[in-house]
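Participant: Coordinates for the following, if possible.
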Amino acid sequence: MFSKKTYETGMILSITGLYFFSFFQRVAVPGPIFNDIQSEFLISASGVTALSAIYLFVYASMQPFAGYLADRFGGIRVVLLSGVLLCLGSILFPLSGGVWGLYLSRALVGVGASTMYLCLVKETDHYFGGKNFAMIFGLLCLLGYAGGLAGTRPFRLLVENVGWRSSCMAVGVATCCVLLAAWALKCKVNRKDEIIKTNHIFNSMATVFKNRLNYPLLVTIPLCFSIYFSLQATIGQKFLEDFCGITAIESANYTFTMMLFTMSGMFLSGFISRMLGNKRKCFIIFNAVATMLSMLLLLCGIALKLPASFFFIPFILSASAAGCTPVNATFMKEINPPGNVAISIGIFNTVVYIMVAVISKLTGQVLDFFKGSAIITAKSTIYPSSAYMTLFGIMLAISVIALASSFYCRETNGNNICTII
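Facilitator: A predicted model of the protein is given here:
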């Protein structure tokens with residue numbers, strides 16, 4: 001009835017749909033439901049942020065293996081199998097009766113989500129590789145990042161109406177539906193060229209680590225993205241509620257706006273890079289500068305006790321920096337051997353999300369350190385401004401290191417400049 005090309009396009013869109021829900025899980029837990037989880041299970045701030053850290057540690061540790069599997073077997077086959085775990089964890093999370101059930105389900109979600117981005121990279125490269133890769137991949141990332149957008153204000157509105165358990169269950173069921181559609185399309189695509197002979201995984205990893213071109217990028221982007229992620233998914237809304245005294249719905253507007261700017265960057269960065277002659281380095285430097293300015297403004301806002309509306313500025317700056325992600329992935333692709341596309345980006349993602357997990361855990365520990373001066377109510381624990389000054393001060397120092405590293409990146413101009421074969 002439909003052509004093979006139509007089914008292939010549908011297959012890529014279904015992978016993007018699974019990436020949508022994996023990104024939703026990254027943003028929606030614990031951010032918008034931080035207080036709901038803390039009050040129902042009576043756990044500390046670090047206990048709640050551990051939900052994010054567990055997901056991220058599992059996600060990060062799986063990246064090299066996910067990349068290797070995608071390089072060898074193709075993105076379609078790998079994403080369908082990991083999608084089963086994503087669905088299972090998504091369903092079990094709202095059914096959990098205790099903290100350990102929450103942690104286990106988040107680990108399953110982390111394993112399932114770990115392949116989505118890399119498989120999307122692999123399949124996009126398969127169909128749209130070359131100088132247009134950044135633009136096409138940016139468009140697909142835009143769709144995937146919409147899951148993060150849904151995990152902010154829309155998710156919080158749903159939670160306000162039906163509760164966090166029913167809301168998370170609805171998301172789990174929707175994820176299962178997309179996975180079933182992907183399996184149906186796989187039967188129609190029936191691609192024969194999926195299994196590819198590659199080097200042993202450790203040889204492939206060694207090739208990436210021997211490449212000195214990778215190191216400036218492996219310092220700058222993980223540090224910047226971990227700060228962005230902390231604002232977006234872990235502590236941003238909690239900070240606004242505690243310091244500015246606004247409601248959960250109002251604070252969700254900030255992370256909603258953040259995601260809109262990130263998605264806009266996803267859409268535009270690839271096109272702008274193409275217009276600039278496939279320049280990449282300027283985007284890496286911009287990422288670090290915007291992140292540093294964001295932290296400076298947050299500290300100034302707290303010190304001067306500025307109104308809530310002021311904090312849109314640092315939130316938007318951080319989000320704009322994160323919008324360069326398609327260019328970052330393209331850069332990593334261009335400084336590594338062509339046969340190592342997925343595993344090189346997988347190692348890159350490992351470093352990124354280990355750093356994100358460390359910052360997420362650090363966030364909870366900093367807040368717990370100030371628990372003695374916190375105000376405890378029936379619905380939440382309100383931490384003092386000194387806790388957030390300390391936290392954002394640490395993040396400012398991290399962003400300075402990222403900026404210094406960004407200047408050591410080597411420009412590619414859209415060409416593969418790898419010297420390791």
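
Participant: Low-confidence ranges, the stretch 51-200 of the chain, go.
Facilitator: 129-132, 134, 189-200 (pLDDT under 70).

Participant: which residues in the stretch 301-421 of the chain form strands?
Facilitator: With DSSP state E, counting those that start in this stretch applied, the stretch 301-421 of the chain shows strands at 375-376, 381-382, listed in chain order.

Participant: Make CSV from those and add mean pLDDT and mean neighbour count to it.
Facilitator: C-betas here are computed from N, CA, C, even on glycine. CSV is the format used below for the strands of the stretch 301-421 of the chain (pLDDT from 0 to 100; neighbours: other Cβ atoms under 10 Å):
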stretch, mean pLDDT, mean neighbour count
strand 375-376, 88, 10
strand 381-382, 89, 18
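
Participant: Tell me which of those sits nearest to residue 30.
Facilitator: Of all the strands of the stretch 301-421 of the chain, the one in closest proximity to residue 30, counting by Cβ to Cβ, is strand 381-382 (13.4 Å).

Participant: List of residues touching that closest one?
Facilitator: Under the criterion Cβ atoms under 8 Å, 6 or more residues apart in numbering, residues 38, 45, 241-242, 371, 374-376 lie in contact with strand 381-382.

Participant: likewise stretch 349-362?
Facilitator: Residues outside stretch 349-362 that contact it (Cβ under 8 Å, 6+ apart) are 46, 49-50, 52-53, 56-57, 59-61, 63-64, 67, 117-118, 218, 221-223, 225-227, 229-230, 234, 391, 394-395, 398.

Participant: Show me these that map onto helices.
Facilitator: 46, 49-50, 52-53, 56-57, 59-61, 63-64, 67, 117-118, 218, 221-223, 225-227, 229, 391, 394-395, 398 (DSSP state H).

Participant: ok, residue 146 touching residue 20?
Facilitator: Yes. Because the distance of 6.0 Å satisfies Cβ atoms under 8 Å, residue 146 is recorded as touching residue 20.

Participant: higher neighbour count, these two?
Facilitator: A side-by-side neighbour count of residue 146 and residue 20, using other Cβ atoms under 10 Å, places residue 20 first with 23 against 19.

Participant: which non-adjacent residue is nearest the more buried one?
Facilitator: Spatial nearest neighbour of residue 20, chain neighbours left out: residue 147 (3.7 Å); criterion: Cβ to Cβ, 6 or more residues apart in numbering.

Participant: I'd like the distance between that neighbour and residue 116.
Facilitator: As for residue 147, its distance to residue 116 is 10 Å (criterion: Cβ to Cβ, to the nearest Å).

Participant: And residue 79, by the same measure?
Facilitator: Here residue 79 is placed at a distance of 6 Å from residue 116 (Cβ to Cβ).

Participant: try residue 176
Facilitator: 15 Å.

Participant: the more surrounded of these two?
Facilitator: Residue environment comparison for residue 176 versus residue 116 gives the larger neighbour count to residue 116, 28 against 18, counting by other Cβ under 10 Å.

Participant: I'd assumed residue 80 was in contact with the more buried one.
Facilitator: No. Distance between residue 116 and residue 80: 11.0 Å, which falls outside the contact criterion (Cβ under 8 Å).

Participant: can you give me the helices for the stretch 251-400 of the chain?
Facilitator: Along the stretch 251-400 of the chain, the segments classed as helices by DSSP state H, counting those that start in this stretch run 281-303, 312-322, 325-334, 341-369, 385-406.

Participant: the inter-axis angle of the third one versus helix 281-303?
Facilitator: The reference is to helix 325-334. Put simply, helix 325-334 runs at 140 degrees to helix 281-303, going by axes from the mean of the first three to the mean of the last three Cα atoms, to 10 degrees.

Participant: Give me the contacts around helix 325-334.
Facilitator: Here helix 325-334 has contacts from 121, 125, 133-134, 137-138, 141, 214, 217, 221, 225, 265-266, 269-270, 273, 280, 283-284, 287, 341, 344-345, 348, 409, 412, 414-418, using Cβ under 8 Å, 6+ apart.

Participant: Specify the angle between that helix and helix 341-369 in degrees.
Facilitator: Here the directions of helix 325-334 and helix 341-369 differ by 130 degrees (the same axes, to 10 degrees).
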